[in-house]
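Undergrad: this is a predicted model, with the sequence first.
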Amino acid sequence: MMKVPIRMLGIATSIIWVLLITFIVLAAYSITDLRFNVEEPQFTIDSNGQLILNLPLIIDNGGYYSLKEFQITTLFSNIEGVEISRANTFIPIIPSGEIVTINHNVPINIEEIFNNDEKYLFEDNEIQVSLSVGLNFAEVLPSQISTNFTFPWGAPLSDFEFRQADFNRFNLTHSLVTIPMSFANHAFFDVIGSINVELCNEENSVLSETQELISVNQQDSYENSLEFIVPISESTLTNVENGHFNVHFSTLLFEHGPLVIPYE
Amino acid sequence: MSEQKTFNTKMIREIVLRVLKASIKAALVYVIYIFVTPMLAPVFELVPDLMISIEFFVIVFVVLMVLSDLTQNTIFQHFFNTARQLYVIGYLLLSMGDGLMSLSYESISLTVNLTIFYSIAVLLSLLGLARSILQAIDYMGKKAEREASLQTVLKP
């Protein structure tokens, strides 16, 4: 009496088991036919003057199943763990047998990096990256791959320094103070803009100021002299020697200042 | 004497058949295992412990299956069948945990959510368990029927 339902139950269970095992084997086999390729990152500047890191990612889905809800999340932070930038790219589906190129764009607010930690402006350092890739494999296997790594950060004003001042008479009432300034642009972008330097006395009163236009390509060095016209008086030398410089940087990508450099 | 001899021959033939059937089934499972494992090699490379776990599972599964075949047409066959199904359910539930499989290689970590897969497998095992229990009930029912008809025949 119960023979038929038992047999039917047995057949149905066996068929579903076979399908499930076949699915698992094909899914595991499909993983070997998945290819991820990260191309050279590119930096561009958008219309708002913000730096964009473009990370082209090529996915060759040679497996038997579609990849759904593909999502890349990147979190950039400085060495103290302060968040610099967060970006997310979502692709609803990568069909089976197709090659898809994903452009993961990460906006980087350079000014914020320097505001959080001034060292990034003047010293080469590291940026921490937290990368997470989530996808729904074969419809029923949601997966996530995450990794942390660091990449070197080149300072745009590396080894920024003012050297020994040189005093010369400019005319009867003023003298010319010449100060050599140098730095190296180790950043992955060009530094184009101006540097405004105020020469101040002990009381923070501006004695003189000058502006230098700069255009330094990445990995290039810059060396020039700043010239200040200072009124000649008995106290001029003392004022300068006890004073300091207020330096303001204004470039296409960032504004920073004042950087106070004591006269040495 | 001749009846006893025929009975013994029948018994021996029956036992040989059972052993043969059990051996063929065990060999079949082993062949499937041998063919399937290379396909799962990428997974085993990431999780070396999984191979050992699956090997152990297959050994216990095959032993229970062989015992069930050897004790065919007895109540013990159904005990072993039920034990096998309970073992599969237990194995799945224990290995499932929170349903997440996490692997780490250097600074890369991979997390796969296997909840749906485990749920389907557990449901299928429950169907198998239900089938084993139905078979046991059917066996006991038939046995009771046989005994009742025998008693009717033997009654003066």
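TA: Nice, thanks for sending it over. Residues are numbered from 1 along each chain as shown, chains lettered A, B, ... in the order given.

Undergrad: C-alpha from now on. contacts and neighbour counts both.
TA: Fine.

Undergrad: shaky segments in the chain?
TA: Using chain A here. A:1, A:234-240, A:264 (pLDDT under 70).

Undergrad: that answer is for a different chain, and I need it for chain B
TA: Low-confidence segments of chain B, defined by pLDDT under 70: B:1, B:156.

Undergrad: which residues of it lie near chain A?
TA: Selection of chain B residues close to chain A by Cα under 8 Å from any Cα of the partner chain yields B:36, B:39-40, B:42-43, B:107-114, B:116-117, B:121, B:124, B:127-128, B:131, B:134-135, B:138.

Undergrad: can you mark which positions in the helix ranked longest in chain B are buried?
TA: In terms of residue count, the longest helix belonging to chain B (DSSP state H) is helix B:115-154. By neighbour count on 16 or more other Cα atoms under 10 Å in any protein chain shown, the buried set for helix B:115-154 is B:115, B:118, B:121-122, B:124-136, B:138-139.

Undergrad: now stretch B:40-51
TA: B:40-41, B:43, B:47, B:51.

Undergrad: tell me where the stretch 1-150 of chain A has helices.
TA: Ranges of helices in the stretch 1-150 of chain A, per DSSP state H, counting those that start in this stretch, are A:3-32, A:110-116, A:119-122.

Undergrad: residue contacts, residue B:87?
TA: Taking Cα atoms under 8 Å, 6 or more residues apart in numbering or on different chains, we find residue B:87 in contact with residue B:61.

Undergrad: now do it against residue B:50, distance only.
TA: 17 Å (Cα to Cα, to the nearest Å).

Undergrad: same question, residue B:115
TA: Counting by Cα to Cα, the gap from residue B:115 to residue B:50 is 17 Å.

Undergrad: now do residue A:120
TA: Using Cα to Cα, which is the criterion applied here, residue A:120 is 46 Å from residue B:50.

Undergrad: does the spatially closest residue to residue A:145 that is not a sequence neighbour count as helix, strand or coil?
TA: Counting by Cα to Cα, 6 or more residues apart in numbering or on different chains, residue B:110 is the residue found nearest to residue A:145 once chain neighbours are left out, at 4.4 Å. What DSSP: H, G, I helix; E, B strand; the rest coil gives for residue B:110 is strand.

Undergrad: so residue B:110 is in contact with residue B:46, correct?
TA: No - the criterion here is Cα atoms under 8 Å, and residue B:110 misses it with residue B:46 at 9.6 Å.

Undergrad: OK, contacts around the closest residue in space to residue A:9 that isn't next to it in sequence?
TA: Of all residues not flanking residue A:9 in the chain, residue B:131 sits nearest, at 6.5 Å (Cα to Cα, 6+ apart). Applying Cα under 8 Å, 6+ apart to residue B:131 gives the contacts A:6, A:9-10.

Undergrad: out of these, which end up buried?
TA: Judged by 16+ other Cα under 10 Å, buried ones among the contacts of residue B:131: A:6, A:9-10.

Undergrad: tell me the contacts of residue 19?
TA: As the question left the chain open, I've gone with chain A. Contact criterion Cα under 8 Å, 6+ apart gives no residues in contact with residue A:19.

Undergrad: actually chain B
TA: B:69-70.

Undergrad: repeat that for 10 Å
TA: B:13, B:25, B:66-67, B:69-71 (Cα atoms under 10 Å, 6 or more residues apart in numbering or on different chains).

Undergrad: got it, and residue A:186?
TA: Residue A:186 touches A:121-124, A:153-159, A:217-221, counting by Cα under 10 Å, 6+ apart.

Undergrad: and of those residues, the nearest to residue A:256?
TA: residue A:121 (9.2 Å; Cα to Cα).

Undergrad: what about residue A:175, which helix or strand?
TA: Remark: residue A:175 resides in strand A:174-184, with elements defined by DSSP states H and E.

Undergrad: for that strand, name the packing helices and strands.
TA: strand A:158-162, strand A:166-169, strand A:206-216, strand A:221-231, helix A:236-242 (3 or more Cα pairs under 10 Å, 6 or more residues apart in numbering or on different chains; DSSP states H and E).

Undergrad: looking at those, which is nearest to residue A:51?
TA: Judging the helices and strands packed on strand A:174-184 by Cα to Cα, what sits closest to residue A:51 is strand A:206-216, at 17.0 Å.

Undergrad: next, the angle strand A:221-231 makes with the closest one.
TA: Interaxial angle, strand A:206-216 versus strand A:221-231 (axes from the mean of the first three to the mean of the last three Cα atoms, to 10 degrees): 160 degrees.

Undergrad: follow-up on the earlier one: need the helices and strands packed on strand A:174-184 in CSV with mean neighbour count and distance to chain B, can you?
TA: Formatted as CSV, the helices and strands packed on strand A:174-184 follow (neighbours: other Cα atoms under 10 Å in any protein chain shown; distance: least, Cα to the nearest Cα, whole Å):
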stretch, mean neighbour count, distance to chain B
strand A:158-162, 18, 31
strand A:166-169, 13, 54
strand A:206-216, 16, 37
strand A:221-231, 18, 36
helix A:236-242, 16, 52
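
Undergrad: all set now, cheers.
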